[in-house]
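[1] Here is a sequence with its predicted model. Questions after.
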Amino acid sequence: MDQRDAAIRENLSSVKDSSSEVKQLEEQAAAVMRAARAEISAALNKMKKETQIEVEQKLAEGRRKVKAELQEALGNLEKQKEETIRALDSQIAALSQEIVNKVLPAA
């Protein structure tokens, strides 16, 4: 009976030791998980910032291109406007002369 009690006490003692080891391992695992989560979060934040910077640079470049194209288009429109006005002026002068010639007979 004493041997049996001693064996049971020994088993209980080893279980208590094992449970403390398990708790310690669980705490270590939890610490590793927290560290991994923190590392992943930091990496994601870094990637997010890098992506944001890259997107902003591409947007700025696109805006510059659009602005340059718009300025070029406006310049072309201004040239076309001037050419059209010149063409109209010459046509107006020719029509005016033609009207004068028809209204006032040549003497």
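    Happy to help now that I have it.
[2] K67: neighbour count?
    K67 sits with 10 neighbouring residues when counted by other Cβ atoms under 10 Å. Heads up, the C-betas are built off the backbone N, CA and C, glycines and all.
[3] For A60, see how far away it is.
    Separation of K67 from A60 (Cβ to Cβ, to the nearest Å): 10 Å.
[4] Kindly report the same for A42.
    Distance from A42 to A60, by Cβ to Cβ: 27 Å.
[5] now swap in K49 and tell me
    To A60, K49 is 16 Å away according to Cβ to Cβ.
[6] do the same with A7
    From A7 to A60 the distance is 78 Å (Cβ to Cβ).
[7] what sits against M47?
    With contacts taken as Cβ atoms under 8 Å, 6 or more residues apart in numbering, M47 has no neighbouring residues.
[8] Which of the helices or strands spans it?
    Taking DSSP states H and E as the criterion, the element that holds M47 is helix 2-103.
[9] any idea of the mean pLDDT for that helix?
    For helix 2-103, the mean per-residue pLDDT is 89.
[10] Tell me how far it lies from the chain's centre.
    Computed by Cα atoms, centre = their mean, to the nearest Å, the separation of helix 2-103 from the middle of its chain amounts to 2 Å.
[11] Count the neighbours of A29 for me.
    Neighbour number of A29 under other Cβ under 10 Å is 10.
[12] and if you look at V103?
    Residues within reach of V103, counting by other Cβ under 10 Å, total 7.
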